[in-house]
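*Asks:* Mind looking at a prediction? Sequence and model below.
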Amino acid sequence: MVNEIMHEHIDIAIRKSIRTAALIDGFWARWLVHGMNPEILSSVRERLTTLESWTDNWEAIAYQTAVEAQNLRRQKSFHEAEHTFRLAALYYNLAQWIFPENCPDKRRLYQLVKEAFRSADDTSPIETRYDEIHLDDGICVGRIRIPKHPVGCIVIINPIDSSKEELFLYEQDFLEANFAVVSFDGPGQGDSYIFHDIKATETNWRQFVDRLIEYAASAFPSLPLFLFGTSFGASWVVYGSCDDRISKSVAVSPAFDRGQMSMPDYFNVRMDCIHGEGPDPFPNFAELNYKNPVFLFHGGKDQMVKHSDIYWLYDMLPSGKQMIEYPDEMHCCNYKLGEIRKLAIQWYNAKD
C-alpha cells in the first residue's frame with residue numbers, strides 16, 4: 001500500500017512539474033543559465049505536455065546535439081565539439097530529471113548523460129580524472145579536472161537534485177582562471193544515487209563533505225582549497241567552511257531545513273524519493289564551529305528561503321565574511337551566477 005501511495009504521489013509530481021514548466025517561465029531559468037539554447041527551448045516548449053513527450057523530445061534534441069558534436073570533432077573543431085557534447089549531456093540530463101525516483105528510464109537516460117560527458121572530456125585538452133569516495137552507505141562518484149598550472153583547487157558542491165554534469169559552465173570558468181576543480185555526486189545525486197543507490201541523509205552528507213575535503217586536500221596538498229555551492233550545495237559549503245583546510249567558501253542562496261522553507265509540492269516529492277531515513281539532510285547551522293571566511297549571496301526575491309534566516313546565518317559567520325544581495329534575483333540568483341563566479345574567483349585570488 002505504501003508503494004502504491006508513493007507511486008501515486010510521484011505521478012502527480014511529474015504532472016505538476018510538466019505543468020509548471022508549461023506555465024511558469026521562471027522554471028527554465030536554471031537550465032538556461034546552465035547552457036540551454038533559448039531557441040531550442042522556444043521550439044519545443046509547447047510540445048512538452050506529457051511524460052512521454054518530455055522524455056522523447058529532450059532525448060531527441062540531446063541525440064541531435066551529440067551528432068553535431070561528433071561532426072565538429074571530425075572537423076577538428078575541438079573546443080566547439082567539447083562544448084556541444086556538454087550541451088548534449090545537459091539535454092539528456094533534463095530528460096532524466098523528470099523522474100523523481102530511481103527507475104529504469106532514469107538510469108538509461110543518465111547513462112547517456114555520462115557517455116556524452118565522457119566524450120566531452122575525451123575531446124578536451126584539460127586533464128580529467130575519475131574517482132570514487134567511499135562512504136559507510138556506498139560509493140560517491142566524481143571528476144577532477146586539472147589545468148596545467150593550477151593556482152588553487154575549487155570543490156563544487158551541487159544542488160540536491162542536480163549532478164556533477166549539469167554545472168559544466170562553473171567548471172569552465174574556474175578552469176579558465178587556472179583552478180583545479182573537484183566535483184562529486186553526493187548522496188541522493190546523479191551517479192551516486194542512480195547507479196549506487198545512496199540516498200541523502202544528514203549523516204551521510206556530513207560524512208560525504210568531510211571525505212570530499214579530505215580527498216581534495218590529499219589530491220592537491222600544495223594548493224589552497226576553496227568551496228563553491230548553490231542552494232542545498234551552499235548549505236553544505238557553509239558546513240565545509242568550518243574545516244581548517246578550507247581557505248574561503250562561496251555560498252549562493254544556502255537552503256535551510258524544509259520546515260523553514262517554502263518549496264513547491266513537486267519538489268517535496270522529489271526530496272522524499274532521494275531522502276533516506278532520519279531528519280532532512282541539512283546541516284544544523286546553529287551548532288557549527290565557524291572558522292573560515294564565507295562570501296554569501298542572496299536574492300532579494302527569494303521565495304524559498306526567508307530573508308530573516310539568511311541574515312541570521314550571515315551574523316553567525318566569522319571574521320572575513322562578505323555578502324551581496326541582488327534585489328531582483330530569486331533563489332540561486334540564477335541570472336547573476338556568471339557574475340558571482342567572477343566575483344568568487346577574484347575573492348579566492350585576493351591576498352588577505
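*Replies:* Arrived safely, thanks for sending.
*Asks:* thinking residue 213 is in contact with residue 244, fair?
*Replies:* No. In this structure residue 213 lies outside contact range of residue 244 using Cβ atoms under 8 Å: 9.7 Å. Using the backbone N, CA and C atoms, a C-beta is placed for each residue, glycine as well.
*Asks:* The two: which is more packed in?
*Replies:* When residue 213 and residue 244 are compared for neighbours, residue 213 comes out ahead with 21 against 9, by other Cβ atoms under 10 Å.
*Asks:* which non-adjacent residue is nearest that one?
*Replies:* Spatial nearest neighbour of residue 213, chain neighbours left out: residue 243 (5.1 Å); criterion: Cβ to Cβ, 6 or more residues apart in numbering.
*Asks:* Please enumerate the helices of the stretch 51-200 of the chain.
*Replies:* 51-74, 78-97, 104-123, 168-176, 190-194 (DSSP state H, counting those that start in this stretch).
*Asks:* And the last one, what does it pack against?
*Replies:* Applying 3 or more Cβ pairs under 8 Å, 6 or more residues apart in numbering; DSSP states H and E, we find helix 190-194 packed against helix 104-123, strand 138-146.
*Asks:* mind checking which of the ones you listed is nearest residue 192?
*Replies:* In terms of Cβ to Cβ, the element of the helices and strands packed on helix 190-194 nearest to residue 192 is strand 138-146, at 4.4 Å.
*Asks:* Strand partners (parallel or antiparallel) of that closest one?
*Replies:* strand 127-135 (antiparallel), strand 179-184 (antiparallel) (DSSP bridges).
*Asks:* Can you read off the backbone torsions of residue 245?
*Replies:* Here is the backbone geometry of residue 245 (degrees, to the nearest 10): phi -80, psi -10.
*Asks:* Could you say which of the helices and strands packed on helix 190-194 is packed most deeply?
*Replies:* Across the helices and strands packed on helix 190-194, averaging neighbours per residue (mean count of other Cβ atoms under 10 Å) puts strand 138-146 on top, at a mean of 20.
*Asks:* Alpha carbons only: can I get it in CSV?
*Replies:* Provided in CSV are the C-alpha atoms of strand 138-146 (Å, rounded to 0.1, in the frame of the first residue of the first chain):
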residue,chain,number,x,y,z
GLY,A,138,28.4,3.1,-0.5
ILE,A,139,30.2,4.9,-3.3
CYS,A,140,30.1,8.5,-4.5
VAL,A,141,31.4,9.1,-8.0
GLY,A,142,33.2,12.2,-9.2
ARG,A,143,35.5,14.0,-11.6
ILE,A,144,38.7,16.0,-11.1
ARG,A,145,39.9,18.5,-13.8
ILE,A,146,43.4,19.9,-13.7
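*Asks:* now that strand: mean pLDDT?
*Replies:* Taken as a whole, strand 138-146 has an average pLDDT of 96.
*Asks:* hmm, who's touching it?
*Replies:* For strand 138-146, contacts defined as Cβ atoms under 8 Å, 6 or more residues apart in numbering pick out 121, 126-134, 164, 171, 175, 180-187, 190-192, 195-198, 208, 212, 219.
*Asks:* That one to helix 168-176, inter-axis angle?
*Replies:* Interaxial angle of strand 138-146 relative to helix 168-176 (axes from the mean of the first three to the mean of the last three Cα atoms, to 10 degrees): 50 degrees.
*Asks:* Wait, residue 162 touches residue 190, no?
*Replies:* Yes. With contacts counted by Cβ under 8 Å, residue 162 reaches residue 190, the gap being 7.4 Å.
*Asks:* Just the endpoints, please. Distance across stretch 331-338?
*Replies:* 15 Å (Cα to Cα, to the nearest Å).
*Asks:* Next, the buried residues of that stretch.
*Replies:* 331-334, 336-337 (16 or more other Cβ atoms under 10 Å).
*Asks:* ok, so of those residues, who is nearest residue 58?
*Replies:* residue 334 (19.7 Å).
*Asks:* secondary structure element for the residue lying closest to that closest one once chain neighbours are set aside?
*Replies:* Spatial nearest neighbour of residue 334, excluding adjacent residues (Cβ to Cβ, 6+ apart): residue 29 at 4.2 Å. Counting by DSSP states H and E, the secondary-structure element that holds residue 29 is helix 29-33.
*Asks:* Now the element after that helix, going C-ward?
*Replies:* helix 38-44.
*Asks:* Give the other helices and strands that that following helix contacts.
*Replies:* helix 29-33, helix 51-74.
*Asks:* want to try CSV for these, with mean pLDDT as columns?
*Replies:* Below are these laid out as CSV (pLDDT from 0 to 100):
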stretch, mean pLDDT
helix 29-33, 96
helix 51-74, 98
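*Asks:* Select, out of those helices, the one closest to residue 351.
*Replies:* So among those, helix 29-33 is nearest, using Cβ to Cβ, at 30.5 Å.
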